[in-house]
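Visitor: heads up, no residue letters with this:
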């Protein structure tokens, strides 16, 4: 009897460890980021699992939210409005805003979110996120180092990528490159429906195995990484635990750097 119980417990433990732990990704989303002209755009801030449109975490009030355009920083924190975002499995607290793009060039939207406690892992997370919008094709700030505690500085324009191009970036911590940083990559597989504050049920791709859901690549000794883009759409890159802060409220903190890019098919 004891042997049977022991075997059963062992089976349950092995089963638990076999359940995939898909990656958390902080999103700053707007439908199009390479625009022919300026105007007002809508933005959604959601903390979720983009490939599976899985569990959406409750966001606390962000610590910072701002945009940089032609080296000028504009605080947008007071413009955020709370919303409820619906994934395929649950609903979670998120935020939205709108912003009017005036003129041409790059707008670098930056989010320093509130600390999120992951009970399953027993750690805090803070995914410091960038998303860049361009108008008229005139480059201004896309490759600027903003000075975030954890940051991915792009080496290719995140908004001007054909499917099949390579996207490169440098992972930095307090301005210094992070050698051999671990970078998770996920595809936004379910399109956000802006009017419904929800992910679409239909998936754009099917992963043959869990390793394809959250891909993991490593930066080199200079903190630089490269990724060949296999499919049109949005891709998120999260450099894990690269920020200078490693603890919050007496517990371990993973201070991550996130950037979003969008690729399009050549027609």
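Guide: Sure thing, it's come through. The shown structure was predicted, so the numbers you read here are calculated from the model rather than taken from an experiment.
Visitor: only C-alpha atoms for contact and neighbour calcs from this point on.
Guide: Will do.
Visitor: Buried by neighbour count: which residues of stretch 246-261 qualify?
Guide: 248, 252, 253, 254, 255, 256, 257, 258, 259, 260, 261 (16 or more other C-alpha atoms under 10 Å).
Visitor: ok, the residues you listed vs residue 71, which is closest?
Guide: Among the buried residues of stretch 246-261, residue 259 lies closest to residue 71 (C-alpha to C-alpha), at 18.6 Å.
Visitor: picking that back up, distance to residue 152 for the buried residues of stretch 246-261 - can I get that in CSV?
Guide: CSV is the format used below for the buried residues of stretch 246-261 (distance: C-alpha to C-alpha, whole Å):
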residue, distance to residue 152
248, 22
252, 22
253, 18
254, 15
255, 12
256, 10
257, 6
258, 7
259, 6
260, 10
261, 12
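Visitor: just checking, which of these belong to strands?
Guide: Counting by DSSP state E, the buried residues of stretch 246-261 place 248, 252, 253, 254, 255, 256, 257, 258, 259, 260, 261 in strands.
Visitor: Check whether the second one really touches residue 119, as I assumed.
Guide: The reference is to residue 252. No. Counting by C-alpha atoms under 8 Å, residue 252 stays clear of residue 119, with 11.8 Å between them.
Visitor: hang on, the earlier thing: dump the buried residues of stretch 246-261 to TSV, plus distance to residue 80 and pLDDT.
Guide: TSV is the format used below for the buried residues of stretch 246-261 (distance: C-alpha to C-alpha, whole Å; pLDDT from 0 to 100):
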residue	distance to residue 80	pLDDT
248	25	97
252	28	97
253	25	98
254	25	97
255	22	98
256	22	98
257	21	98
258	20	98
259	20	98
260	20	98
261	22	98
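Visitor: all strands of the stretch 151-267 of the chain, in order?
Guide: 161-162, 166-173, 176-177, 182-187, 192-193, 198-199, 215-218, 224-228, 233-239, 247-248, 251-264 (DSSP state E, counting those that start in this stretch).
Visitor: Mind checking those for the one nearest to residue 205?
Guide: Among the strands of the stretch 151-267 of the chain, the nearest to residue 205 by C-alpha to C-alpha is strand 182-187 (8.9 Å).
Visitor: Show me what that closest one is packed against.
Guide: If contacts are counted by 3 or more C-alpha pairs under 8 Å, 6 or more residues apart in numbering; DSSP states H and E, strand 182-187 sits against strand 215-218, strand 233-239.
Visitor: Tell me which of the ones you listed sits most buried.
Guide: strand 233-239 (a mean of 24; mean count of other C-alpha atoms under 10 Å).
Visitor: For that strand, give me every contacting residue.
Guide: 25, 127, 152, 171, 181-188, 256-264 (C-alpha atoms under 8 Å, 6 or more residues apart in numbering).
Visitor: That strand vs strand 166-173, what angle?
Guide: Here strand 233-239 points in a direction 30 degrees away from that of strand 166-173 (axes from the mean of the first three to the mean of the last three C-alpha atoms, to 10 degrees).
Visitor: Note down every partner strand of strand 233-239 and its orientation.
Guide: strand 182-187 (antiparallel), strand 251-264 (antiparallel) (DSSP bridges).
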